[in-house]
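Novice: Compute the structure for the input listed below.
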Amino acid sequence: MNKKESNNAKSARIGQKMEFTDDFTVGTLFHGEEVIKKGTVLYVGADGFFHIENGKMLRMDDDFEVNGFDPDGMADYIYKIISREFPLDDMFDDYDVDQQEFKEEISFALDELGF
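Specialist: Below is the predicted model of the structure:
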């Protein structure tokens, strides 16, 4: 898995945000192969998959280890999912709150729960 933090990393935390540093070709169930472009962001799931921002998922290699949690990455992912359904940025403007403050509060809540 090519990503900014380490091109050869074999472990990460649940919710950790990663980014491909090179184009990456993967096999797909229905379409043969697909190229995932450099710069594509993904998040480490607790379910054995990497979750890509476009909603697609990649299965982790069997030797990839997931240990611990990344509340900041989880907060970023939660924000992205919620903002697909609700006009969060418009609501933030109404209450003079910015995106980063909102993510920090989610991260704080997750940290308080032990994530």
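
Novice: Flag the shaky bits of the protein, pLDDT-wise.
Specialist: In the predicted model, the chain carries pLDDT under 70 at residues 1-9.

Novice: Kindly recompute the last result at 90.
Specialist: 1-10, 20, 23-36, 53-63, 84, 89-98, 113-115 (pLDDT under 90).

Novice: Spatially central residue in it, please.
Specialist: Nearest to the centroid of the C-alpha atoms of the chain, with distances taken as Cα atoms, centre = their mean, sits Y43, at 2.4 Å.

Novice: Next up, the contacts around T40.
Specialist: The contact partners of T40, taken as Cβ atoms under 8 Å, 6 or more residues apart in numbering, are 19-20, 24, 52-53. Yep, even glycine has a C-beta here, placed from its N, CA and C like the rest.

Novice: my read: the residue nearest to the centre of the chain touches H51, true?
Specialist: Yes: with contact taken as Cβ atoms under 8 Å, Y43 and H51 are classed as touching, separated by 4.7 Å.
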